[in-house]
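J.: predicted model and sequence below, questions to follow.
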Amino acid sequence: MIGSCDTWSSADAVGTGAEWSLRYTHDDDFLSISVFIPPSGRCAEAVRDVYAEIFALTGWSGYPDICRLWHYIGDINGANADGLETYRDFCVGRARAFEELRPPFGMPAATGVGSSGEGITVCVLATRAGRLTAIENPDQVPAYHYPTRYGPRPPSFARAGYLERAEGDVLFLSGTASIVGHETVHVGDLHGQLDRTLTNIRTVVGGPNLARHGVDGHFGLADFDRVKVYVRHAEHLPAVEAVCRAVFTGDPAVELVRADLCRSDLLVEVEGVIAVRGALPRVLRRADQPDRAGAPTLAQAPVVSAP
Ligand SMILES: O=C(O)C1=C[C@@H](O)[C@H](O)C=C1
Ligand SMILES: CC(=O)C(=O)O
């Protein structure tokens, strides 16, 4: 299973290019970046440096707001050369980038899961149009405030991001799991973790929570246009798929993949996207989801292939 990012093949891509270690594609509204960090004994410094490149590119390219990131981390629960879990090493580098470089946007929506390949693949979606609001969940401690029992530096992401734009708003839901406060709940219980994950999602996208963030909207599981589910154990995939297809009833493109997760006691994680008033932006559609005009599109959402 290799973490990878789709790159655009759509004829609508305005441009593609490479800068430093980054590859990018952009259209009128979005900049899509992908970068691979080769495996090493420790990753924090390389992660910090790659994030510095990402912040620089989004800055001078005129797409200043990072609205979504995906991180596919080889051996995510393994130990680095110092015995620190790889994910925690990754979080140290990312936190340093945010603290030292202070990007102009709020904490972005993100996903951080395992990849059975080596190294770290980072995919970024940035925009220049619209107003981006970071969304938190009142039932969860913001990840960037997690205590040090989860690592020397906390993860740097928001529970969701809400992008208000003239063409139609977009809600980006971060990878969401069975965490209440800052603790994993229902350890060892797949259905308990899935139920809590779905409850967290309903809370994040519900009207009262969005209103607390100054966003006018009320959504539920049936409003999702795309859902991606990461499941730690392959034998759990059928049961998780049955539940997800029963609750995400808005005919979304539900994808399930086997993947390790950022905490060794997590069994399942769900991310998604909601298009508000209109179609999903082309960059967010799956390759097999032609747009209404029938033109093929290639979504930015990365592909984490099953083993
Ligand atoms: O570290 C992240 O960016 C992250 C990890 C998981 O909690 C989940 O995938 C969301 C984001
Ligand atoms: C671990 C996880 O999913 C979170 O921090 O939200």
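T.: Structure received. Ligands and ions are numbered 1, 2, ... in the order given.
J.: my read: residue 106 touches residue 158, true?
T.: Yes. The criterion here is Cβ atoms under 8 Å, and residue 106 meets it with residue 158 at 6.8 Å. (Each C-beta comes from the backbone N, C-alpha and C, glycine too.)
J.: between these two, what contacts are shared?
T.: residue 134 (Cβ atoms under 8 Å, 6 or more residues apart in numbering).
J.: when these two are compared, which one has more neighbours?
T.: Using other Cβ atoms under 10 Å, the more surrounded residue of residue 106 and residue 158 is residue 158, with 24 against 14.
J.: residue contacts, residue 243?
T.: Per Cβ under 8 Å, 6+ apart, neighbours of residue 243: 191, 194, 198.
J.: next, residue 117: secondary structure please.
T.: coil (DSSP: H, G, I helix; E, B strand; the rest coil).
J.: any chance of the contacts of residue 243 in JSON lines, with neighbour count too?
T.: Output for the contacts of residue 243, formatted as JSON lines (neighbours: other Cβ atoms under 10 Å):
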{"residue": "191", "neighbour count": "14"}
{"residue": "194", "neighbour count": "25"}
{"residue": "198", "neighbour count": "19"}
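J.: take those and keep only those in helices.
T.: Counting by DSSP state H, the contacts of residue 243 place 191, 194, 198 in helices.
J.: so the last one makes contact with residue 224?
T.: No. Look at residue 198 against residue 224 with Cβ under 8 Å: they stay out of range, at 11.2 Å.
J.: what parts of the stretch 151-300 of the chain come near ligand 1?
T.: Taking Cβ under 6 Å from any ligand atom as the contact definition, the stretch 151-300 of the chain meets ligand 1 at 155, 157, 174, 175, 262, 269.
J.: cutoff 5 Å now
T.: Residues of the stretch 151-300 of the chain lying near ligand 1 by Cβ under 5 Å from any ligand atom: 155, 157, 174, 175, 262.
J.: coming back round to it: got the ones in helices among the contacts of residue 243 as a markdown table, with pLDDT and distance to ligand 2 columns?
T.: A markdown table is the format used below for these (pLDDT from 0 to 100; distance: Cβ to the nearest ligand atom, whole Å):
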| residue | pLDDT | distance to ligand 2 |
| --- | --- | --- |
| 191 | 98 | 17 |
| 194 | 98 | 13 |
| 198 | 98 | 14 |
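J.: so the closest residue to residue 216 other than its chain neighbours, which state does it fall into?
T.: Counting by Cβ to Cβ, 6 or more residues apart in numbering, residue 216 lies nearest to residue 210, which is 7.3 Å off, once chain neighbours are set aside. Recorded secondary structure, residue 210: helix (three-state DSSP).
J.: quick check on residue 249: phi, psi?
T.: phi -90, psi 10 (degrees, to the nearest 10).
J.: please apply the same query to residue 205.
T.: Geometry field for residue 205 lists phi and psi as phi -90, psi 0, criterion degrees, to the nearest 10.
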